[in-house]
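Participant: test case, fold it:
(chains A and B)
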There are 2 protein chains.
Amino acid sequence: MKATFMYGAGDVRVEDVDKPALVEPTDAIVRTVRTCICGSDLHPYHQMPASEQGAPMGHESIAVVEEVGSEVTEVKPGDFVIAPFAYADNTCEICRDGFQTACPHGGFHSTLQAEFARVPQVNGSLVVVPGVDPETASEELLASLLTLSDVYLTGHHAAHMADVKPGQSVAVVGDGAVGLSAVLAAKQLGAEQIILMGRHTDRTDLGREFGATDVVAERGDEGVAKVLELTGGHGVHVVLEAVGHMPAYVQSYEIIRPGGVISRVGVPQYEDAPVGFGSLFGKNARLAGGPAPVRAYLEDAIQQVLDGTINPGKVFDRTIGFDEVPAGYAAMDGREALKVMVDPAR
Amino acid sequence: MKATFMYGAGDVRVEDVDKPALVEPTDAIVRTVRTCICGSDLHPYHQMPASEQGAPMGHESIAVVEEVGSEVTEVKPGDFVIAPFAYADNTCEICRDGFQTACPHGGFHSTLQAEFARVPQVNGSLVVVPGVDPETASEELLASLLTLSDVYLTGHHAAHMADVKPGQSVAVVGDGAVGLSAVLAAKQLGAEQIILMGRHTDRTDLGREFGATDVVAERGDEGVAKVLELTGGHGVHVVLEAVGHMPAYVQSYEIIRPGGVISRVGVPQYEDAPVGFGSLFGKNARLAGGPAPVRAYLEDAIQQVLDGTINPGKVFDRTIGFDEVPAGYAAMDGREALKVMVDPAR
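Facilitator: Just a heads-up that it's a prediction; the model follows:
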């Protein structure tokens, strides 16, 4: 089968490897219907040291179950499922709290950019999409379902952890697929003013379609001044930070109003950051966010996609086959593509 | 009148100065009934560069109104009042959100360790204690009312910003007067398990009286291991951090469970701190806290003190006159006293 590996910065290869087999009785083998490339895959694409041993890639997938272990009860062969990017038992105390990405028996997928994959902890992880046949479903529906594996629900997680409420002002830092998803999620939660900070008009146009009321293209001090101007000088109630680099963090605490919440879902490319009197503490600004426990939100989100309430799949602007995956990484890295979907049948 | 000034680290003096006068029509002049020394006063007591110009000290006071400006409508001469350590208009958007410590028209008191003081923004700041005559009230009642100027409501703010809920596990880092207040506040909000991290048994004994279910005297890795052991290996839902130094911050993120909240009210003596994947982000831990908007909580807390629900004044273990204030600082610094009250009549 075809599978994606990274051998170092800029070096992505698709190789023929053996199809995976069941290991644990709680495993399943799934056949990929669609997978995709994530903004977070670009971090190793920039930074990974060259290696003889390729690292398997991919954590987003919608798939059909092929084979299940003896303890799998929640799905059966033939089911069309969504695989959250983190697997979890979904029964322990931490999962019951709604933080499945920190399940002590769970982990993060890293082999899903492939024709087939092994999924651990299936009972706690895979969720069946009811009444949809992936062979006949529209491309639009498949795209939206695929976003529930990570990108849309990562945006939703940002808004959920910030406890976005009707009438609030929200700024979204970053116009990538996660940022645009955060716009859509904030809109769903009733935000009144949604300020999208981004410079790429094709992306911010989709952001406006998703619910952004204002777009701020300026960065740094100018961007901060613009947001303050748009919010009566006070700053926003909520910042959803979907970048992960330090300038985005600094921008976030400069535009947050006293008592507001900065919710981060861009994977931080830093460990230390300002949190003292001059940044967060002095104005009682709060910091939230982390890897999205997609599993916690999946049933509700599937329903919203199926009934047409949301159409988050619009973040995909290119679909390729496995042989084009290296070019897909390059296109996302060069900002020629917003988010690239992989269809194994192409 | 007598007033307290700091001239540098370790150099506190009580001097005779002119009684303050009204400046703005929104001011009042108050006569101090009781004031006190704050743990945060010890930061300049350690660090302040020597200066020819003394810095006035003090931000906690219960007092009797002597004189009011022409625009003061909420209090009148003779009223017995509590002065929150921050003054605010209490009418702007930020105040209405409940973050009076960030009021654009407010500020922090720094002249209340004196026989008389000028209070700005009186309509938004001073709150009358109904039905209490300070001349005949018990020392116990006066002590508890004085804690509502800062220390108890700072502990309450920590618990409030962490949204402590019935049944939760809470760790309090620091056994100073704010930490003990945080124990009492967490108990009021229904916390089931309250782990007090502190090494001074006279203090932790009061912590147990206030509601601590466990005391952990160990620090660093041993302290972390102990808290994990007490919480089924998961860590606590909430950490209330009442110290402000980096080791307390590190301890906080090491004992917080996934999805938990670290709420800081110890004034941070650092600006940068770990917030990335290895500290907060990876486990979706949240960071909250800041200067307590005492004003937002004052009416409810006065009622709780008057009806005997809480008795936070037990944190005071020494009462002195103005001439002994320099010795009071030294006693708190040397941990001979937990918190020192000043009675101008002594």
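
Participant: got the residues of the stretch 151-300 of chain A near chain B?
Facilitator: Within reach of chain B by C-beta under 8 Å from any C-beta of the partner chain, the stretch 151-300 of chain A has these residues: A:161, A:232, A:234, A:257-259, A:264, A:267-268, A:270-291, A:293. For every residue, glycine as well, the C-beta is placed using N, CA and C.

Participant: neighbours of the closest residue to chain B within the stretch 101-250 of chain A, how many?
Facilitator: Here the stretch 101-250 of chain A gets closest to chain B at one residue, residue A:102, 3.3 Å apart by C-beta to the nearest C-beta. Residues lying near residue A:102 (other C-beta atoms under 10 Å in any protein chain shown) number 23.

Participant: give me the pLDDT value at it.
Facilitator: pLDDT, residue A:102: 97.

Participant: how about residue A:257?
Facilitator: 98.

Participant: tell me how far the closest residue to it other than its chain neighbours lies from residue A:283.
Facilitator: Nearest residue to residue A:257, sequence neighbours excluded (C-beta to C-beta, 6 or more residues apart in numbering or on different chains): residue A:235, at 3.7 Å. Computed as C-beta to C-beta, to the nearest Å, the residue A:235 to residue A:283 distance reads 9 Å.

Participant: what is in contact with those two at once?
Facilitator: A:256-258, A:260 (C-beta atoms under 8 Å, 6 or more residues apart in numbering or on different chains).

Participant: burial measure for the residue nearest to residue A:121 when sequence neighbours are not counted, as a count.
Facilitator: Excluding its sequence neighbours, the residue lying closest to residue A:121 (C-beta to C-beta, 6+ apart) is residue A:87, at 4.4 Å. Residue A:87: 26 surrounding residues under other C-beta under 10 Å.

Participant: who's the closest residue to residue A:207 other than its chain neighbours bridged to?
Facilitator: In space, residue A:207 comes closest to residue A:196 once its chain neighbours are excluded; the distance is 4.2 Å by C-beta to C-beta, 6+ apart. Judged by DSSP bridges, the bridge partners of residue A:196 are residue A:172, residue A:215.

Participant: how many neighbours does residue A:196 have?
Facilitator: Other residues close to residue A:196 by other C-beta under 10 Å number 29.

Participant: same question, the one 4 residues further on
Facilitator: The local packing of residue A:200 (other C-beta under 10 Å) involves 14 other residues.

Participant: what sits against it?
Facilitator: A:175, A:335.

Participant: looking at it, the residue nearest to residue A:207 is touching residue A:175, isn't it?
Facilitator: Yes - if you go by C-beta atoms under 8 Å, residue A:196 and residue A:175 touch, sitting 6.2 Å apart.

Participant: what's the overlap in contacts for these two?
Facilitator: The contact lists of residue A:196 and residue A:175 share A:204, A:207, where a contact means C-beta under 8 Å, 6+ apart.

Participant: are stretch A:43-52 and chain B in contact anywhere?
Facilitator: No - using C-beta under 8 Å from any C-beta, stretch A:43-52 stays clear of chain B, coming no nearer than 11.2 Å.

Participant: pull the CA atoms of that stretch into PDB?
Facilitator: Extracted in PDB, the C-alpha atoms of stretch A:43-52 (Å, rounded to 0.1, in the frame of the first residue of the first chain):
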ATOM      1  CA  HIS A  43       6.500  22.200  11.500                       C
ATOM      2  CA  PRO A  44       8.600  19.100  10.800                       C
ATOM      3  CA  TYR A  45       8.600  20.000   7.100                       C
ATOM      4  CA  HIS A  46      10.500  23.100   8.200                       C
ATOM      5  CA  GLN A  47      12.600  21.700  11.000                       C
ATOM      6  CA  MET A  48      13.100  18.000  10.900                       C
ATOM      7  CA  PRO A  49      16.700  16.900  10.800                       C
ATOM      8  CA  ALA A  50      17.500  14.600   7.900                       C
ATOM      9  CA  SER A  51      17.200  11.000   8.800                       C
ATOM     10  CA  GLU A  52      17.800   7.600   7.100                       C
END
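
Participant: give me the number of residues near the residue nearest to residue A:111 when sequence neighbours are not counted?
Facilitator: Nearest residue to residue A:111, sequence neighbours excluded (C-beta to C-beta, 6+ apart): residue A:56, at 4.4 Å. Counted with other C-beta under 10 Å, the neighbours of residue A:56 add up to 17.

Participant: same question for the one 4 residues further on.
Facilitator: Each residue near residue A:60 was counted by other C-beta under 10 Å, and the total is 27.

Participant: for residue A:16, same thing?
Facilitator: When neighbours are counted by other C-beta under 10 Å, residue A:16 comes out with 8.

Participant: so the closest residue in space to it that isn't next to it in sequence versus chain B, what's the distance?
Facilitator: Leaving aside its chain neighbours, residue A:16 sits nearest to residue A:2 (6.3 Å; criterion: C-beta to C-beta, 6+ apart). Residue A:2 sits 30 Å away from chain B, going by C-beta to the nearest C-beta, to the nearest Å.

Participant: ok, now residue A:62?
Facilitator: Residue A:62 is 25 Å from chain B, by C-beta to the nearest C-beta.

Participant: tell me what that residue is bridged to.
Facilitator: Here residue A:62, judged by DSSP bridges, has bridge partners residue A:34, residue A:82.

Participant: and it, what does it touch?
Facilitator: Residue A:62 makes contact with A:32-34, A:80-83, A:129, A:134, A:142, A:145-146, A:149 under the criterion C-beta under 8 Å, 6+ apart.

Participant: let's see that with 6 Å instead.
Facilitator: If you count contacts by C-beta atoms under 6 Å, 6 or more residues apart in numbering or on different chains, residue A:62 has them with A:33-34, A:82, A:145-146.

Participant: can I get those residues in TSV with distance to residue B:6 and pLDDT?
Facilitator: Shown next, in TSV, are these (distance: C-beta to C-beta, whole Å; pLDDT from 0 to 100):
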residue	distance to residue B:6	pLDDT
A:33	70	98
A:34	67	98
A:82	62	98
A:145	64	98
A:146	63	98
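
Participant: whichever of those residues end up buried, select them in PyMOL.
Facilitator: Paste this into PyMOL to select the buried members of the contacts of residue A:62, with burial taken from 16 or more other C-beta atoms under 10 Å in any protein chain shown:
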select buried, chain A and resi 33+34+82+145+146
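
Participant: just send the contacts of residue A:62 back as TSV, with distance to residue B:307 too.
Facilitator: Formatted as TSV, the contacts of residue A:62 follow (distance: C-beta to C-beta, whole Å):
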residue	distance to residue B:307
A:33	64
A:34	63
A:82	54
A:145	56
A:146	58
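
Participant: closest one of the contacts of residue A:62 to residue B:46?
Facilitator: Closest approach between these and residue B:46, by C-beta to C-beta: residue A:82, at 56.0 Å.

Participant: how close does the closest one sit to residue A:29?
Facilitator: Distance, residue A:82 to residue A:29, using C-beta to C-beta: 16 Å.

Participant: now do the helices in the stretch 1-150 of chain A.
Facilitator: A:42-47, A:93-96, A:122-125, A:139-147 (DSSP state H, counting those that start in this stretch).

Participant: deepest-packed of these, please.
Facilitator: Each of these was scored by mean neighbour count; the highest is helix A:122-125, a mean of 24, by mean count of other C-beta atoms under 10 Å in any protein chain shown.

Participant: and that helix, C-alpha only, in PDB?
Facilitator: Taking Å, rounded to 0.1, in the frame of the first residue of the first chain, the C-alpha atoms of helix A:122-125 are listed here in PDB:
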ATOM      1  CA  VAL A 122     -11.100   1.700  18.600                       C
ATOM      2  CA  ASN A 123     -14.000   1.500  21.100                       C
ATOM      3  CA  GLY A 124     -13.000   4.900  22.500                       C
ATOM      4  CA  SER A 125     -12.000   6.500  19.200                       C
END
